[in-house]
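Asks: Coordinates for the following, if possible.
(one chain, ligands or ions: 1)
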Amino acid sequence: MRPEGERDVDAAVKLLAEVTIEGTGVATQWPFDLGARARTARDALLQRRNVGWVALDGHRLVGELVVFEIDRDEPEFGMIVAATHRRRGIGAALLEHAIAWAQAAGKPALALRVFPENLGARALYERLGFVEVELQRGAVARRDGPPRDALIMRRPSAPG
Ligand SMILES: CC(C)(COP(=O)(O)OP(=O)(O)OC[C@H]1O[C@@H](n2cnc3c(N)ncnc32)[C@H](O)[C@@H]1OP(=O)(O)O)[C@@H](O)C(=O)NCCC(=O)NCCS
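Replies: Model prediction:
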């Protein structure tokens with residue numbers, strides 16, 4: 001596991017494509033333009049608007065967590081783990097890096113959006129101290145149907 005760098009971006013976007021094709025957990029929809037996505041992600045990393053970590057199995061990138069717009073008080077993150085590598089603690093380890101980063105950066109909290117039916121991801125977040133804040137109905141636009149609900153969760157950096 002290491003901080004995400006420029007060299008990781010193409011593999012991370014390829015992993016996002018794989019997870020997106022599953023069609024369940026992430027808001028990004030397939031198909032999307034991998035090249036454009038990689039350019040946007042690379043620019044955000046280089047300009048330090050985003051920060052991320054990647055998990056590797058040998059040379060293969062099998063997990064990624066990105067905190068977006070890190071100048072916000074309560075930045076949001078997104079994360080993906082390869083289907084072949086789930087339930088091995090990779091997601092939890094990535095998230096622990098993000099939580100430690102938020103604390104070190106003096107952020108009051110870290111937040112995320114999750115589809116309410118994504119019970120696996122919700123279980124992970126709850127286990128690491130995230131609590132449900134708000135259900136936003138119809139917040140996630142879909143190309144192929146009605147918008148989906150999003151559950152906002154947050155984890156305060158300091159207890160209480
Ligand atoms: C959600 C996701 C990132 C979890 O990654 P992971 O590496 O499998 O998670 P971990 O192995 O670290 O899980 C840690 C704990 O979280 C909970 N958990 C994770 N996935 C779970 C699942 N599918 N069902 C129930 N609990 C789950 C469990 O408590 C698990 O501990 P355990 O395996 O000892 O029971 C991964 O399933 C994924 O990429 N899914 C598709 C994309 C996605 O949904 N991203 C999140 C968008 S908000």
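Asks: Provide the secondary structure category for the residue nearest the centre of the chain.
Replies: The chain has G78 as the residue nearest its centroid, 1.3 Å off, counting by C-alpha atoms, centre = their mean. The three-state label given to G78 by DSSP: H, G, I helix; E, B strand; the rest coil is strand.
Asks: For it, which non-adjacent residue is closest in space?
Replies: Distances taken as C-beta to C-beta, 6 or more residues apart in numbering place V66 nearest to G78, at 5.7 Å, with adjacent residues excluded. Quick note: C-beta positions are derived from backbone N, CA and C, even for glycine.
Asks: just A83 next, same as before
Replies: Nearest to A83 is E22, by C-beta to C-beta, 6+ apart, at 6.7 Å.
Asks: For the one you found, give me the pLDDT.
Replies: pLDDT, the model's per-residue confidence, is 96 for E22.
Asks: what's the answer for P159, then?
Replies: Reported pLDDT for P159: 72.
Asks: That one - that's part of a helix, no?
Replies: No. P159 sits outside any helix when classified using three-state DSSP, being coil.
Asks: number of nearby residues for it?
Replies: The number of residues packed near P159 is 5, by other C-beta atoms under 10 Å.
Asks: and what of E64?
Replies: E64 has 26 nearby residues by other C-beta under 10 Å.
Asks: So which residues on the protein come close to the ligand?
Replies: 19, 25-26, 79-81, 86-92, 112, 114, 118, 120-121, 123-124, 127 (C-beta under 6 Å from any ligand atom).
Asks: re earlier: which positions within the helix or strand hosting the residue nearest to G78 qualify as buried?
Replies: In the assignment (DSSP states H and E), V66 maps to strand 60-67. The neighbour-count check on strand 60-67 (16 or more other C-beta atoms under 10 Å) flags 61-67 as buried.
Asks: could you say what helices and strands it packs with?
Replies: When contacts are defined as 3 or more C-beta pairs under 8 Å, 6 or more residues apart in numbering; DSSP states H and E, strand 60-67 sits against helix 9-22, strand 51-57, strand 77-81, helix 90-104.
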